[in-house]
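A.B. asks: quick one, fold the following:
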Amino acid sequence: MSPQHLPTHTYFEQLPQPSQEIPLRILFSGCLAGNVCTYENTELAYDHIYQIVKHPKVKAFPFCPEHYAKGTPRLLSDIHGGNGFDVLDGKAKVLATNGEDWTRAMLDAAQKMLEVAQQQQVQLAIMLDISGACGTQTIYLGDRTIAPQNYQKGPGVCAALLIRKGIKVISQRDYATLELLTQKLNPAHKINTTAIDHHQTAWYLDYFKD
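C.D. replies: Sure, this is the predicted structure:
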């Protein structure tokens, strides 16, 4: 079964048909929207997402919680002791690679991202997977700079808060769901039935085979 935070075919069917006058309102991780806000002050290139950002029937709301919290460039940070839900519940921490505790800053950033989503009445969010802030289905387990890199199921802090508040969340790796979104924007689009979401990939199923 798909994770509950992913919008279903029925969810897309129930959304009003978007137009240039009444566009689909989507919150994006800032980096996916083309903002230069990664920790090392570079730009990411996910063309399949950027096409959605620039679609004439989309109103994009980019927000980078890590930039909001600590500026750009900045140290890397990841969750220690759990996933984003655990951070929200006070059971895990967000630590920078130098050991500095960024938990409070990330919680504040998550609240700000939620505020943007609610004020702008977004209908879904597209977020950067694996990030300790915006990850949706998979994030690093502790410090990603220590080899071998390990992963855990679950969202980052900001994605976790959006999910708890009922906002549908997609990652750049959820290709099957992105096909549904593309068809909503372009009704003539023929769904690629071979597309799969991240939790359906061979890597995910093998890594989390428990």
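
A.B. asks: what does stretch 106-126 rub up against?
C.D. replies: With Cβ atoms under 8 Å, 6 or more residues apart in numbering as the test, stretch 106-126 has contacts from 7, 15, 24-29, 32, 49, 52, 59, 61, 63, 65-66, 68-69, 77, 87-88, 94, 132-133, 157-162, 165, 167-172, 181. Any C-beta I mention is one placed from the backbone N, CA and C, and that applies to glycine too.

A.B. asks: which of those are buried?
C.D. replies: Among those, those classed as buried by 16 or more other Cβ atoms under 10 Å are 7, 24-29, 32, 49, 52, 59, 61, 63, 65-66, 68-69, 77, 87-88, 94, 132-133, 157-162, 167-172, 181.

A.B. asks: list the buried residues of the biggest helix by length in the chain.
C.D. replies: Longest helix in the chain, counting residues (DSSP state H): helix 103-119. By 16+ other Cβ under 10 Å, the buried positions in helix 103-119 come out as Thr103, Ala105, Met106, Leu107, Ala109, Ala110, Met113, Leu114, Val116, Ala117.

A.B. asks: grab the most central residue of this structure for me.
C.D. replies: Met127 (2.1 Å; Cα atoms, centre = their mean).

A.B. asks: distance of that residue relative to Gln14?
C.D. replies: Remark: distance between Met127 and Gln14 (Cβ to Cβ, to the nearest Å) = 22 Å.

A.B. asks: again, but for Gly34
C.D. replies: Distance, Gly34 to Gln14, using Cβ to Cβ: 29 Å.

A.B. asks: neighbour count for these two, which is higher?
C.D. replies: Gly34 (18 against 9; other Cβ atoms under 10 Å).

A.B. asks: contact partners for the more buried one?
C.D. replies: Contacts of Gly34 by Cβ under 8 Å, 6+ apart are Glu43, Tyr50, Val53, Pro62.

A.B. asks: Lys91: how many residues sit nearby?
C.D. replies: Neighbours of Lys91 (other Cβ under 10 Å): 11.
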